[in-house]
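1. based on what follows, work out the 3D shape:
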Amino acid sequence: MKKELQLEIFLKKSELRKEVWKQLDKPKTASEIAKDLKKHRSSISRVLLDMEKKGFVKCLNPEDKSFRCYVKK
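-> Alright, predicted model coming up:
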């Protein structure tokens, strides 16, 4: 299955995933996204980790445990 189709299906399963995806037009942290969307940081972090495992986003500084920045792949 093509990556674009996988992404489309993945995003359709959750409104929060779609909102997070839209926020990643530039590198952002989970805290920044949570503030913009008025959601809990832990919820955003969970979504970002799921997206990273699926290969849709990339963490720019994985060695940093408290201020990880993410971008679309």
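
2. got the contact list for Met51?
-> With contact set as CB atoms under 8 Å, 6 or more residues apart in numbering, Met51 has these partners: Phe10, Arg17, Val20, Trp21, Val57, Tyr70. Quick note: C-beta positions are derived from backbone N, CA and C, even for glycine.

3. one more time with 6 Å
-> Met51 is in contact with Val57, counting by CB atoms under 6 Å, 6 or more residues apart in numbering.

4. same deal with the one 3 residues further on?
-> Not one residue lies near Lys54 by CB under 6 Å, 6+ apart.

5. let me see the backbone angles for it.
-> Main-chain torsions, Lys54, degrees, to the nearest 10: phi -80, psi -10.

6. Ala30 versus that one, what's the distance?
-> For Lys54, the distance to Ala30 (CB to CB, to the nearest Å) stands at 17 Å.

7. lowest-pLDDT helix or strand in this structure?
-> helix 3-12 (a mean of 90; mean pLDDT, DSSP states H and E).

8. who does that helix touch, helix- and strand-wise?
-> helix 15-23 (3 or more CB pairs under 6 Å, 6 or more residues apart in numbering; DSSP states H and E).

9. burial check on the residue nearest to Lys3 when sequence neighbours are not counted, number of neighbours?
-> In space, and not counting its chain neighbours, Lys3 is closest to Gly55: 7.5 Å by CB to CB, 6 or more residues apart in numbering. Gly55 sits with 11 neighbouring residues when counted by other CB atoms under 10 Å.

10. for Lys22, see how far away Gly55 is.
-> 18 Å.

11. now do Arg68
-> Arg68 is 19 Å from Lys22, by CB to CB.

12. what about the two, which has more around it?
-> Per other CB under 10 Å, whichever of Arg68 and Lys22 has more neighbours is Arg68, with 20 against 12.

13. for the more buried one, which non-adjacent residue is closest in space?
-> Using CB to CB, 6+ apart, the nearest residue to Arg68 is Cys59, at 5.1 Å.
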